[in-house]
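K.L.:
Fold the following and give me the result.
(one chain, ligands or ions: 3)
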Amino acid sequence: MPTVRTLQEKANDEEITMLTAYDAPTAEIVDESGVDVILVGDSMGNAVLGYESTLPVTVDEMQSRTAAVARATDDALVVADMPFLSYGADESDTIQNCGRMLKEADANAVKLESGPHTVSVTERLVDLGIPVMAHLGLTPQRVHQLGGYFRQGTDEESAAEMLELAKAHEEAGAFSLVLEHVPSNVAAQITEALEIPTIGIGAGPDTDGQVLVLNDVFGLSDRSPYFSEQFGDVKGEMERAVAGFRDAVESGEFPAEEHSYSEDEIDDIY
Ligand SMILES: Nc1nc(=O)c2c([nH]1)NC[C@@H]1CN(c3ccc(C(=O)N[C@@H](CCC(=O)O)C(=O)O)cc3)CN21
Ligand SMILES: CC(C)C(=O)C(=O)O
Ligand SMILES: [Mg+2]
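P.N.:
Ligands and ions are numbered 1, 2, ... in the order given. Okay, here's the model as predicted:
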């Protein structure tokens with residue numbers, strides 16, 4: 001069984017790889033390719049559920065998708081990304097919601113978008129046996145406060161604040177930290193200051209690992225951030241498959257002999 005401990009050991013000499021997945025078939029692909037961590041991201045809000053942002057994602061949706069991913073995963077660490085307002089407001093709700101991911105969806109850990117209010121919550125969850133991945137920099141659940149998906153930690157004061165929060169979450173027991181959309185040199189200095197591994201997205205090359213949204217990697221997203229990279233043309237392949245079906249039905253090529261059979265005993269059912 002994968003554990004958060006092996007990730008911490010690995011960070012010493014190898015780059016950590018993390019990708020999102022939201023269903024069993026894609027989780028199987030990611031797991032079999034040897035990626036270290038599968039994040040069931042709340043990016044499922046825009047990536048699979050058709051919302052404009054991550055805010056509408058519910059705990060039930062996260063549980064259902066995390067369970068599907070965990071059923072298809074043998075080796076990777078499965079991390080459930082806790083949705084907006086499912087943590088941090090009320091302590092017993094936080095414990096209940098995060099606990100469900102381990103008890104009912106077979107996740108190995110949860111991720112919380114971090115801030116000053118998640119230090120004590122992180123400590124409480126870790127005390128109870130729920131491993132926590134922290135997340136600083138651009139935290140998309142705050143899009144309405146931030147005014148857009150902008151780069152964070154762009155001046156000395158906010159970068160220093162981010163470093164202090166990173167240390168506070170390490171101290172609280174977080175096993176790893178995602179740094180999103182921050183200057184490379186800020187991510188490098190935070191990485192240097194921490195024992196726990198950092199995993200960057202739009203945070204340059206000097207974190208301990210990298211994460212991207214699977215739809216972006218596949219080439220399946222209509223829009224993706226500039227810091228993302230398409231490593232395939234899955235959308236093109238899907239379009240070709242659908243067009244192939246449509247053409248074959250319309251032309252009468254499908255279904256063919258091998259897809260059909262007749263029952264000899266039956267000749268007239270009127
Ligand atoms: N498919 C997908 N990929 C992601 O990387 C991703 C999601 N979805 N959903 C959740 C968040 C949102 N993310 C984003 C989204 C947009 C920008 C972006 O375009 N930033 C612009 C400025 C944004 C603006 O003008 O409002 C930039 O240049 O920084 C960055 C990160 C990263 N995450
Ligand atoms: C991009 C990663 C870090 C994330 O939080 C998500 O996919 O929801
Ligand atoms: Mg997220």
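K.L.:
Kindly provide the distance from Glu192 to Glu123.
P.N.:
24 Å (CB to CB, to the nearest Å). Every C-beta, even on glycine, is put in place using the N, C-alpha and C of the backbone.
K.L.:
Quick check on those two: which one has the bigger neighbour count.
P.N.:
Legend: neighbour count by other CB atoms under 10 Å for Glu192 and Glu123, higher for Glu123 (17 against 10).
K.L.:
Quick check: closest non-adjacent residue to the more buried one.
P.N.:
Ala172 (4.1 Å; CB to CB, 6 or more residues apart in numbering).
K.L.:
Spit out the contact partners of Lys103.
P.N.:
Neighbour list for Lys103: empty [criterion: CB atoms under 8 Å, 6 or more residues apart in numbering].
K.L.:
picking up where we left off before, residues near the residue nearest to Glu123, how many?
P.N.:
Neighbours of Ala172 (other CB under 10 Å): 20.
K.L.:
Can you name the residue of the stretch 51-200 of the chain nearest to ligand 3?
P.N.:
Of all residues in the stretch 51-200 of the chain, Asp81 sits closest to ligand 3, at 4.3 Å by CB to the ion.
K.L.:
re the thing from before, just read off the phi/psi values of the residue nearest to Glu123.
P.N.:
Taking degrees, to the nearest 10, you get phi -70, psi -10 for the backbone angles of Ala172.
K.L.:
Quick check, pLDDT for it.
P.N.:
For Ala172, the pLDDT comes out at 98.
K.L.:
Looking at Gln8 now. What's its pLDDT?
P.N.:
Note on Gln8: pLDDT of 82.
K.L.:
give me the element it is part of.
P.N.:
helix 4-10 (DSSP states H and E).
K.L.:
what's the very next helix or strand once past that helix packed up against?
P.N.:
Later in the chain than helix 4-10, the nearest helix or strand by DSSP H and E is strand 16-20. For strand 16-20, the packing partners by 3 or more CB pairs under 8 Å, 6 or more residues apart in numbering; DSSP states H and E come out as strand 37-40, strand 209-212, helix 214-218.
K.L.:
Spit out the contact partners of the residue nearest to Glu123.
P.N.:
Contacts of Ala172 by CB under 8 Å, 6+ apart are 119-120, 122-123, 126, 132.
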